[in-house]
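**Q** Structure for the following, please:
(chains A and B)
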Amino acid sequence: MGGRILEFFADNRFGTLLLLAALVVLLPLFFPSSFYYRVAAIVWIFSIAAIGLNLLMGYAGQVSLGHAGFIGIGAYAVAVLPSRFGVHALVALLLGAIVSAVLAALVGRPILRLKGHYLAVATLGFGILIAMVLTNEAWLTGGPDGIRVARMTIIGWSVRGSDTWYWISGATMILSAFIALNLVDSPLGRALRAIHDSEVAAKVVGIDVPQAKLTVFVISAVYASITGSYLALFDGHITPDSAGFLRSVELVTMVVIGGMGSIFGSVIGASVIVVLPQAFAVLADYKHVMIGAFIIIFMIALPAGIVPTLRAKLFGRAP
Amino acid sequence: MSEFLQFAFSGLTVGAVYALVALGFTLIYNASDVVNFAQGEFVMLGGMGTVFLLAMGVPLPVAVIGAIGVTTLVGLGLYLFAIEPARGASAVTLIIITIGASIFLRGVASIIFDKRFHSLPHWFGPAPLSIGGASVLPQSLVVLAGAAILVVLLWAFFERTMFGKAVLATSANRLAAKLSGINTGFVVGFSFAISATIGAIAGILVTPITLTSYDVGTLLALKGFAAAMLGGMGNPLGAVIGGLVVGLVEGFGAGYLSSQYKDAFAFIVILVVLFAMPNGLFGRSKIERV
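**A** Prediction:
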């Protein structure tokens, strides 16, 4: 019976949503200070991008080492548009998402024709190009030092504070997971899994492979863009590093550590990658050594990711 | 014309380093299918190791040999402690392990060494030579000659020695190589070690020109990876040519167009090439079996 209940949470999409909602609602009961709200809010914010990237990597089997570029677009949209052009922050967020989607749709077709490591290097180059534009066009973006982001106000209410953002980002994360879970169970989701197994076989059974790949690429770009906008609005400051290669690597690591093809895993992966540096912050100089060692040990111990490995242990079957 | 030569020389010099990094990528990839993002750290360790051995009062030749030796051991350690235990993991998992290793090595370097920029003395003095109106540092010629010698030595090793053939056999078909009595585990470990050696030598050769610090590895790994992909993954000749092309594009881009965007040109060229030739310049297309 206990196994059944666990299985419901792990495998059923409503179970996963319930679990995420319970996490968001119950976690604050254990928070001793507002700092914890802050870290948790950042976890939820990154979870959004990780869920999107997991759709691309875990379901469609297409790796991207450049998704931080879309984070950069979302972040700079809410940084630049409101202060320069008087656009409302929410509209700016939407515009950022649209720009990310259009850009993804434009570059997606040629890029997604590439396979394996060629796809990796092309997405990497694409991400670096965006980061480079953000660094060099200082007249618009403030250059390498970054730019201040004005607080968002909604009908006179200034949206600020870690606890406020905790609830906003938590709700958005659950909504993102809801959409992703439905997508996975849709014809597109099944098409993506078929592509993951074999592109040729998928094509033979009549799946429009380029179109399916492009669709999920665009969706994952929008997810990353929203993460970027939230990060910028929450932090009040943004630098080109948010679009850099290391950020892209962090996103990929979140997906892989949590477990490819597991939406809940992406949230777990995001928590590991966000909380780890906070936990090691006291070590100052040794922080990076610890993070590097931890990533290596994690991947050796759980090569399939946390959630799939645990699931296999609990239910005694392959993930 | 002298301007053209000037940009060509500076492009070829960095290109030679990219070529060596790309060659290191290719050697490890061929032997083990691992894309090693810690490749740039080998270059850093070579340069920084020599700098700090020198500072400890060790004579230069000994410092050079010591730094190469230490880096080679690090390469071997990377295989033994990070890659070998994860045998059978997916390609993405292995990439993340090597990225973890690169973060780890950078962290260790920032503790053992420091976070400042360092240089090494030029081998034949810092006075530039004039070649066709372009002023060329003698060290640039050292880098080019060193890279050329390494490439020839590697070629001779693969074509003329029994063990080199064993490495080639392993990269062609690991199972068949194992069945014919080749110790493939040893071959893969050896590839990591030799890639580290090549990286360290590249770092030592180029440090007098480009300086070095604990974090120079990241960008070098990206450029080297890009160069290897440009040439066609797994093709050593392609890696060398890819490296030189990336270096030249950067040199001319920085000289004629914009120095701010010099890193961008290389990636734009790579994207354009890959869009036209999805398997790189010299790569063969893989046929998927269903």
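**Q** Just the buried residues of the helix or strand containing residue B:149, please?
**A** Assigned by DSSP states H and E, residue B:149 belongs to helix B:138-160. Along helix B:138-160, the positions that meet the burial threshold by neighbour count (16 or more other C-beta atoms under 10 Å in any protein chain shown) are B:139-144, B:146-147, B:150-151, B:154, B:158. Where you see a C-beta, it was placed from the backbone N, CA and C, and this is true even at glycine.
**Q** Run through the strands of the chain in chain order.
**A** Just so you know, I chose chain A. Taking DSSP state E as the criterion, chain A contains strands spanning A:147-148, A:152-154, A:157-159, A:237-238.
**Q** You answered for a different chain; I wanted chain B.
**A** With DSSP E, the ranges of strands along chain B come out as B:129-131, B:134-136.
**Q** low-confidence ranges in the chain?
**A** All of this is about chain A. Flagging of chain A using pLDDT under 70 yields the residue ranges A:1-11, A:316-319.
**Q** You answered for a different chain; I wanted chain B.
**A** Checking chain B against pLDDT under 70 turns up B:285-290.
**Q** For chain B, what's its nearest residue on the stretch 201-319 of chain A.
**A** Chain B sits closest to residue A:292 of the stretch 201-319 of chain A, with a gap of 2.8 Å, by C-beta to the nearest C-beta.
**Q** what's the distance between residue A:39 and residue A:163?
**A** Going from residue A:39 to residue A:163 by C-beta to C-beta, to the nearest Å gives 12 Å.
**Q** Spatially, which residue comes closest to the residue in the stretch 51-200 of chain A that chain B sits nearest to, not counting chain neighbours?
**A** With distances taken as C-beta to the nearest C-beta, the stretch 51-200 of chain A approaches chain B most closely at residue A:125, which sits 3.6 Å away. Counting by C-beta to C-beta, 6 or more residues apart in numbering or on different chains, the nearest residue to residue A:125 once its immediate chain neighbours are dropped is residue B:267, at 3.6 Å.
**Q** now the one you found: how far from residue B:218?
**A** Distance of residue B:267 to residue B:218, given as C-beta to C-beta: 14 Å.
**Q** swap in residue A:14?
**A** When distances are taken as C-beta to C-beta, residue A:14 and residue B:218 turn out to be 43 Å apart.
**Q** Who has more neighbours out of the two?
**A** For residue A:14 versus residue B:218, neighbours defined as other C-beta atoms under 10 Å in any protein chain shown are more numerous around residue B:218 (20 against 11).
**Q** Next, the contact list for the residue nearest to the more buried one when sequence neighbours are not counted, please.
**A** In this structure, residue B:218 finds its nearest non-sequential neighbour in residue B:40, 5.9 Å apart by C-beta to C-beta, 6+ apart. The contact partners of residue B:40, taken as C-beta atoms under 8 Å, 6 or more residues apart in numbering or on different chains, are B:21, B:102, B:199, B:216-222, B:224.
**Q** for the residues you listed, which one is nearest residue A:211?
**A** When those are compared for distance to residue A:211, the smallest value, 30.7 Å, is given by residue B:222; criterion: C-beta to C-beta.
**Q** where's that closest one relative to residue B:263, distance?
**A** Residue B:222 sits at a distance of 9 Å from residue B:263 (criterion: C-beta to C-beta).
**Q** Residue B:89 now?
**A** When residue B:89 is compared with residue B:263 (using C-beta to C-beta), they lie 31 Å apart.
**Q** Repeat that for residue A:315.
**A** Using C-beta to C-beta, one obtains 48 Å as the distance from residue A:315 to residue B:263.
**Q** Also residue B:248?
**A** Note on residue B:248: its distance to residue B:263, by C-beta to C-beta, is 14 Å.
**Q** and the stretch 101-250 of chain A, which of its residues are near chain B?
**A** A:110-111, A:113-118, A:120-122, A:124-126, A:128-129, A:132, A:136, A:198-201, A:204, A:245-246, A:249 (C-beta under 8 Å from any C-beta of the partner chain).
**Q** Please pick the buried ones from those residues.
**A** Neighbour-count burial within those applies to A:111, A:113-115, A:117-118, A:120-122, A:124-126, A:128-129, A:132, A:136, A:199, A:245, A:249; the criterion is 16+ other C-beta under 10 Å.
**Q** which one is the closest residue to chain A within chain B nearest to, not counting chain neighbours?
**A** Using C-beta to the nearest C-beta, the closest approach of chain B to chain A is made by residue B:104 at 2.8 Å. Take residue B:104 and drop its neighbours on the chain: the residue closest to it by C-beta to C-beta, 6+ apart is residue A:292, 2.8 Å away.
**Q** Hmm, residue B:98 and the one you found touching each other?
**A** No: counting by C-beta atoms under 8 Å, residue A:292 stays clear of residue B:98, with 10.4 Å between them.
**Q** In terms of secondary structure, what does the longest helix along chain A contact?
**A** Within chain A, and with DSSP state H defining each element, the longest helix by residue count is helix A:209-235. Helices and strands touching helix A:209-235, by 3 or more C-beta pairs under 8 Å, 6 or more residues apart in numbering or on different chains; DSSP states H and E, are helix A:34-54, helix A:68-85, helix A:89-112, helix A:162-184, helix A:187-197, helix A:199-204.
**Q** what would those helices look like in a markdown table with distance to residue B:14?
**A** Shown next, in a markdown table, are the helices and strands packed on helix A:209-235 (distance: least, C-beta to C-beta, whole Å):
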| stretch | distance to residue B:14 |
| --- | --- |
| helix A:34-54 | 32 |
| helix A:68-85 | 25 |
| helix A:89-112 | 26 |
| helix A:162-184 | 42 |
| helix A:187-197 | 39 |
| helix A:199-204 | 37 |
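**Q** Of these, give the one that comes closest to residue A:305.
**A** So among the helices and strands packed on helix A:209-235, helix A:34-54 is nearest, using C-beta to C-beta, at 9.9 Å.
**Q** How about the contacts made by residue A:69?
**A** For residue A:69, the set of contacting residues under the criterion of C-beta under 8 Å, 6+ apart consists of A:126-131, A:243, A:248.
**Q** again, 7 Å this time
**A** Listed by C-beta atoms under 7 Å, 6 or more residues apart in numbering or on different chains, the contact set of residue A:69 reads A:126-127, A:130-131, A:243.
**Q** Go through the residues you listed and say which is closest to residue B:276.
**A** residue A:126 (16.1 Å).
**Q** Hmm, residue A:65 and that closest one touching each other?
**A** No: between residue A:126 and residue A:65 there is no contact, the gap being 9.0 Å when judged by C-beta atoms under 7 Å.
**Q** What residues does the spatially most central residue of chain A make contact with?
**A** Nearest residue to the geometric centre of chain A (C-alpha atoms, centre = their mean): residue A:49, 1.5 Å. The neighbourhood of residue A:49, defined by C-beta under 7 Å, 6+ apart, consists of A:67, A:71, A:223-224, A:227, A:251.
**Q** one more time with 6 Å
**A** Taking C-beta atoms under 6 Å, 6 or more residues apart in numbering or on different chains, we find residue A:49 in contact with A:223-224, A:227, A:251.
**Q** Many thanks, we can stop here.
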